[in-house]
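1. no sequence for this one, just the structure:
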């Protein structure tokens, strides 16, 4: 395939299911129909992906990042005792 | 009572005046405050020969600004008990644990772990691993909860041998006092060990779902930002925290069972989360 802009030779690449042609001469990129939408969708998924829950495999499932359920034992005697003693 | 009177006399000899206040602490330890002086009678279980270099380390210039320095770098003996003398400091308020100096504690641990051992007297092993084993041994009874905790302990993997660093050995929020600035206290378990054990108690609380992840991030982030050497250079601190956090979970669960037994009551919700954590550990 020839580049529609400079008539250079176009090379085909396949990355994560997206099919693109790039011109060896002017480096211009040609996208097939629908591929721009695919790229846009992948980009938004990348940015929205939650970070992997940091912690051990045996850790308690944590709720939302600012999980409301940490308040309920906040003043409990055994919890405060544990924070401050051996 | 005779011990308390002798301790009061020692506090007076080091400049402490006024009424005697007994600090709540472990049953085998006596801590008395008189004015600006605190006198501690150590557990009869503790070896004096291990305490001596630990106390001298706390008195050394290398730990100045990190650990509270004793008023006397030598261990005294009173009624057969090892006694140490300290300046009084302000402890962390128990009213609002979220507002506790978590970051300051983490920064102090990071700096403690980085102290070159060549600047210190020869120290014994840090007390962390022995504490976990002792807590499990002291647990009474043989019900399903005790069996679970013992099983979680017996299945802990062997630690990988690594270079030992200076380690506090028993860190929690009660191990900070403020005198102009925050300082670490309690030399009883200070020694050479895997410094990840000092971060393992908060890690265990976090993994049990007890410590707010936001607070855990503050603590861990401050440790890493201060260049603390316990967690390697990789991007997964749990690679280093996993084993000590398992051990501390088991230790905390064993202590909870022991406390409930002493007070003739069932485990409460907080204590039960630690047992649930043990359950997840044996299934992991």
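-> In hand now; what should we look at? Model, not experiment: these values are computed from the prediction.
2. any low-confidence regions in the chain?
-> Went with chain A since none was named. Low-confidence segments of chain A, defined by pLDDT under 70, are located at A:16, A:46-53, A:62-72.
3. switch to chain B, please.
-> For chain B, applying pLDDT under 70 flags the ranges B:1.
4. what bridges to the closest residue to residue A:38 other than its chain neighbours?
-> Excluding the flanking residues, the one nearest residue A:38 by Cβ to Cβ, 6 or more residues apart in numbering or on different chains is residue A:18, at 5.4 Å. Yep, even glycine has a C-beta here, placed from its N, CA and C like the rest. Applying DSSP bridges to residue A:18 gives these bridge partners: residue A:15.
5. pretty sure residue A:18 sits against residue A:34.
-> No: with contact defined as Cβ atoms under 8 Å, residue A:18 and residue A:34 do not form a contacting pair (9.8 Å).
6. before we move on, the earlier item: what about the residue nearest to residue A:38, distance to residue A:40?
-> 11 Å (Cβ to Cβ, to the nearest Å).
7. go on, residue B:184?
-> Note on residue B:184: its distance to residue A:40, by Cβ to Cβ, is 53 Å.
8. any idea how many residues pack against the residue nearest to residue A:38?
-> Neighbour count of residue A:18, defined by other Cβ atoms under 10 Å in any protein chain shown: 15.
9. could you do residue A:73 as well?
-> When neighbours are counted by other Cβ under 10 Å, residue A:73 comes out with 17.
10. any part of stretch B:145-152 near chain A?
-> No: shown here: stretch B:145-152 not in contact with chain A (Cβ under 8 Å from any Cβ of the partner chain), separated by at least 9.6 Å.
11. pick out the residue of the stretch 51-200 of chain B closest to chain A.
-> Distances between the stretch 51-200 of chain B and chain A by Cβ to the nearest Cβ are smallest at residue B:174, namely 3.9 Å.
12. what's near enough to touch the residue lying closest to that residue once chain neighbours are set aside?
-> Spatial nearest neighbour of residue B:174, excluding adjacent residues (Cβ to Cβ, 6+ apart): residue A:84 at 3.9 Å. Going by Cβ atoms under 8 Å, 6 or more residues apart in numbering or on different chains, residue A:84 touches B:92, B:94, B:172-174.
13. of these, buried ones?
-> Neighbour-count burial (16 or more other Cβ atoms under 10 Å in any protein chain shown) is assigned, among these, to B:92, B:172-174.
14. list just the nearest of these to residue B:266.
-> Of all those, residue B:266 sits closest to residue B:172, with 24.2 Å by Cβ to Cβ.
15. ok, the closest residue to that closest one other than its chain neighbours - how many residues close by?
-> The spatially closest residue to residue B:172, leaving aside those adjacent along the chain, is residue B:201, at 5.5 Å (Cβ to Cβ, 6+ apart). Per other Cβ under 10 Å, the neighbour tally for residue B:201 reads 25.
16. following the lengthiest helix in chain A, which helix or strand comes up?
-> If you go by DSSP state H, chain A has its longest helix at helix A:35-48. Toward the C-terminal end, the helix or strand that comes next after helix A:35-48 (DSSP states H and E) is helix A:77-84.
17. got the contact list for the residue in the stretch 101-250 of chain B positioned nearest to chain A?
-> Residue of the stretch 101-250 of chain B nearest chain A, by Cβ to the nearest Cβ: residue B:209 (3.2 Å). By Cβ under 8 Å, 6+ apart, residue B:209 lies in contact with A:59-62, B:273, B:277.
18. got a ChimeraX select line for the buried ones in those?
-> Here is the ChimeraX selection string for the buried members of these, based on 16+ other Cβ under 10 Å:
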select /A:59,60,62 /B:273,277
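19. closest to residue B:131 among the contacts of residue B:209?
-> Nearest to residue B:131 among the contacts of residue B:209, counting by Cβ to Cβ, is residue B:277 at 17.4 Å.
20. dihedrals phi and psi, the residue of chain A found nearest chain B?
-> Residue nearest to chain B within chain A: residue A:60 (3.2 Å; Cβ to the nearest Cβ). Backbone torsions of residue A:60, given as degrees, to the nearest 10, read phi -70, psi 140.
21. centre of the chain to stretch A:73-80, how far?
-> 38 Å (Cα atoms, centre = their mean, to the nearest Å).
22. so is it next to chain B?
-> Yes: counting by Cβ under 8 Å from any Cβ, chain B is contacted by stretch A:73-80 at A:73-74, A:76, A:78-80.
23. center of chain B, which residue is that?
-> Nearest to the mean C-alpha position of chain B, by Cα atoms, centre = their mean, lies residue B:170 at 1.9 Å.
24. neighbours of residue 82, how many?
-> Unless you meant another one, I'm taking chain A. For residue A:82, the neighbour count with other Cβ under 10 Å is 25.
25. oops, wrong one, chain B.
-> By other Cβ under 10 Å, the residues close to residue B:82 number 22.
26. I'd guess it is in a strand, am I close?
-> Yes: under DSSP: H, G, I helix; E, B strand; the rest coil, residue B:82 sits within a strand.
27. that one touches residue B:49, doesn't it?
-> No: Residue B:82 is beyond contact range of residue B:49, at 9.9 Å (criterion: Cβ under 8 Å).
28. how long is stretch B:84-104 end to end?
-> With Cα to Cα, to the nearest Å applied, stretch B:84-104 spans 25 Å between its terminal residues.
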